[in-house]
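# fold the following for me, if possible:
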Amino acid sequence: MLPKDIGNTPHTIEDFTFVIMTDSSDVDAIYNRGAAYSRMGDFIKSIPDFTAAIAIEADSTAARYFWCRTE
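Residues are numbered from 1 along each chain as shown. I've put the predicted structure just below:
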C-alpha cells in the first residue's frame, strides 16, 4: 500500500512510470501509480493501472478495492 505521505505529486507518478517502463509486470509499481493518480483525484487515469494490476495478480485485493471505488 502506498504510504500517505507520497503519491500526491506528478513526480511520484513519473517515478512509478519509469519503473513500469523498465518492468511492465511490476504489479507494485502499477498499483502504486494507480493509487497516486487516485489520491490526486485523477480517477480516469487510475482505472487502467488498477485493471492491469488485477490482470497480473488476480488476487490483488487492494487493486480490486480501489478499482471498484473509481467506478
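# can you give me the helices for this protein?
Taking DSSP state H, the helices of the chain run over residues 10-22, 27-39, 43-56, 61-70.
# ranking those by burial, who's on top?
Burial of the helices of the chain is given as mean neighbour count (mean count of other Cβ atoms under 10 Å); helix 27-39 ranks first at a mean of 23. Yep, even glycine has a C-beta here, placed from its N, CA and C like the rest.
# tell me the angle it makes with helix 10-22.
150 degrees (axes from the mean of the first three to the mean of the last three Cα atoms, to 10 degrees).
# mind saving the C-alpha coords of helix 27-39 as PDB?
Provided in PDB are the C-alpha atoms of helix 27-39 (Å, rounded to 0.1, in the frame of the first residue of the first chain):
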ATOM      1  CA  VAL A  27       2.500  -5.100 -10.100                       C
ATOM      2  CA  ASP A  28       3.500  -2.900  -7.100                       C
ATOM      3  CA  ALA A  29       4.600   0.000  -9.300                       C
ATOM      4  CA  ILE A  30       1.400  -0.300 -11.400                       C
ATOM      5  CA  TYR A  31      -0.800  -0.400  -8.400                       C
ATOM      6  CA  ASN A  32       1.000   2.400  -6.600                       C
ATOM      7  CA  ARG A  33       0.800   4.600  -9.700                       C
ATOM      8  CA  GLY A  34      -2.900   4.000  -9.800                       C
ATOM      9  CA  ALA A  35      -3.200   4.800  -6.100                       C
ATOM     10  CA  ALA A  36      -1.200   8.000  -6.700                       C
ATOM     11  CA  TYR A  37      -3.500   9.100  -9.600                       C
ATOM     12  CA  SER A  38      -6.500   8.300  -7.400                       C
ATOM     13  CA  ARG A  39      -5.100  10.300  -4.500                       C
END
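# okay, angle between it and helix 43-56 too, please.
Using the same axes, to 10 degrees: helix 27-39 against helix 43-56 is 160 degrees.
# so how far is helix 27-39 off the chain centroid?
Once both centres are worked out by Cα atoms, centre = their mean, to the nearest Å, helix 27-39 turns out to sit 2 Å from its chain's centre.
# stretch 14-32 too?
The answer for stretch 14-32 is 8 Å, by Cα atoms, centre = their mean.
# distance between the ends of that stretch?
Counting by Cα to Cα, to the nearest Å, you get 11 Å between the two ends of stretch 14-32.
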